[in-house]
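Participant: using only what follows, build the 3D model:
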Amino acid sequence: MSETGSDSVEGSTTAPIQPIIENLPTIADWLPESIVPFWELISEVPAIGAVVIALVFFLLAFSLRFAIFRSLGRLSALTTSTVDDDILRDLRKPVFATILFPGLALAVEAAKLPLGSNVLVNILVSVVVVSWMRATLNISISVLSVLEKNEGITVVEPRTIPLFDLSIKLLTIVIGSYVLLLIWGINPVGWLASAGIVGIAVGFAAKDTLANLFAGFFIVADSPYKIGDYINLDTGERGKVSAIGLRSTRILTRDDVEVTIPNGVIANAKIVNESGGPYLKIRNRIAVGVAYGSDVDEVCELLQRIGMEHAQTCSVPEPRVRMRGFGASSLDFELLVWIEHPEQRGRIAHELYMEIYKALGRANIEIPYTKHDVFIKEFPNAEKPESTSD
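Facilitator: Residues are numbered from 1 along each chain as shown. A predicted model of the protein is given here:
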């Protein structure tokens, strides 16, 4: 039983390749009857026969590739997009290798090598698989870039590009690796079991990195913000989102300093997206206090006019003025203006405060400030100096 089992194991290692060699047709089956005598003469020298087969299939692969891609190139020239040209460029090598492979396999058979025939066939098949893997990765990048620019497709956006890109790469590498293992007669089941044990160990060692990766997937899927948004975190960071990765998010602050924050931190933080909502506009609040006794109607008209005359405030929604309450020493008003971009909030607020101060001064409307009146109830009696006698 043990010998039988060992023989079956050894046979399984070459099972994916041995049928390729055994099922290959003979050279005479491929040739017309008029050329068979010529081939039998050449086949007496196996090396010459192998070279002839390889050369014939090379010319065949070159001719077919030229004919196929020339026809497809004419069709792609009718479109305005360049993605079809990129796809055709990426497919040239794997198509050429796929057509050339049968001829090279026949050349290996015709050469009648004493050793290494299976290894050469395995190498040839591996080259074809790797070429298709590389073409798939390049084509996916081209297609995703085109879908990203297509406004009609909402699934593929700048925020979801890393997710789709990583998923396609992982799927291509996993399938390609599985096929390569089968080609070389390696049982993938044992490798998967070993990979599971190694994965557990790696998971404990890199738990923070894995947490950031999973958080990156959730951020991309949930989309609390996107590239170009201005966000505030409860940890104090505020700025424009410059990049969203699967491990971290980069924020460009108003000081032009780029801050990299792990996605695991952002996933557990409170995020205020100033660019969220139905549009990018944001409301700016300007608090103003005037002295008691001021004409409140005049104050409202003055603030309304200043908000509407500013060059960078929005007319829709239009500026508004609200009286917020009675302060300890002032009547509290608020000018509400909408601006186009959150990053302009500080500068526009500065300009509005400057104009309000000047306008209130011209209108003789007092801006109250804190005053302290000190009342002295009585002065202490000064002590009289004692008289001295000589």
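Participant: which residues does Asp332 contact?
Facilitator: Ala287, Val288, Gly289, Met323, Arg324, Gly325, Phe326 (C-beta atoms under 8 Å, 6 or more residues apart in numbering). Where C-beta positions appear, they are placed from N, C-alpha and C, glycine not excepted.
Participant: filter the residues you listed to the buried ones?
Facilitator: Buried subset of the contacts of Asp332 (neighbour count, 16 or more other C-beta atoms under 10 Å): Val288, Gly289.
Participant: reformat the contacts of Asp332 as TSV; add distance to Val143.
Facilitator: Shown next, in TSV, are the contacts of Asp332 (distance: C-beta to C-beta, whole Å):
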residue	distance to Val143
Ala287	52
Val288	55
Gly289	59
Met323	58
Arg324	54
Gly325	58
Phe326	64
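Participant: just curious, which of the contacts of Asp332 is nearest to Thr209?
Facilitator: Thr209 lies nearest to Ala287 out of the contacts of Asp332, by C-beta to C-beta, at 45.5 Å.
Participant: so after the longest helix along the chain, what's the next helix or strand?
Facilitator: Looking across the chain with DSSP state H, the single longest helix is helix 117-149. From helix 117-149 onward toward the C-terminus, using DSSP states H and E, the following helix or strand is helix 161-183.
Participant: same question for that next one, mean pLDDT?
Facilitator: Model confidence over helix 161-183 averages 84 on the pLDDT scale.
Participant: next one: stretch 277-297
Facilitator: pLDDT averaged over stretch 277-297 gives 89.
Participant: CA atoms only: put it into PDB for me.
Facilitator: Output in PDB follows, covering the C-alpha atoms of stretch 277-297 (Å, rounded to 0.1, in the frame of the first residue of the first chain):
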ATOM      1  CA  GLY A 277     -23.800  68.300   1.500                       C
ATOM      2  CA  PRO A 278     -25.600  69.100  -1.700                       C
ATOM      3  CA  TYR A 279     -22.800  71.400  -3.000                       C
ATOM      4  CA  LEU A 280     -19.300  72.600  -2.100                       C
ATOM      5  CA  LYS A 281     -20.500  75.900  -0.700                       C
ATOM      6  CA  ILE A 282     -20.100  76.600   3.000                       C
ATOM      7  CA  ARG A 283     -21.600  79.200   5.200                       C
ATOM      8  CA  ASN A 284     -19.400  81.700   7.000                       C
ATOM      9  CA  ARG A 285     -20.700  83.300  10.300                       C
ATOM     10  CA  ILE A 286     -19.500  86.800  11.200                       C
ATOM     11  CA  ALA A 287     -20.400  87.800  14.800                       C
ATOM     12  CA  VAL A 288     -21.000  91.500  15.400                       C
ATOM     13  CA  GLY A 289     -21.900  93.400  18.600                       C
ATOM     14  CA  VAL A 290     -23.200  96.900  18.800                       C
ATOM     15  CA  ALA A 291     -24.000  99.100  21.700                       C
ATOM     16  CA  TYR A 292     -27.300  99.300  23.400                       C
ATOM     17  CA  GLY A 293     -29.400 102.200  22.000                       C
ATOM     18  CA  SER A 294     -28.200 101.600  18.400                       C
ATOM     19  CA  ASP A 295     -30.700 101.600  15.500                       C
ATOM     20  CA  VAL A 296     -31.200  97.800  15.000                       C
ATOM     21  CA  ASP A 297     -32.800  98.300  11.500                       C
END
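Participant: so which of the contacts of Asp332 are in strands?
Facilitator: Those of the contacts of Asp332 mapping onto strands are Ala287, Val288, Gly289, Met323, Arg324, Gly325, Phe326, per DSSP state E.
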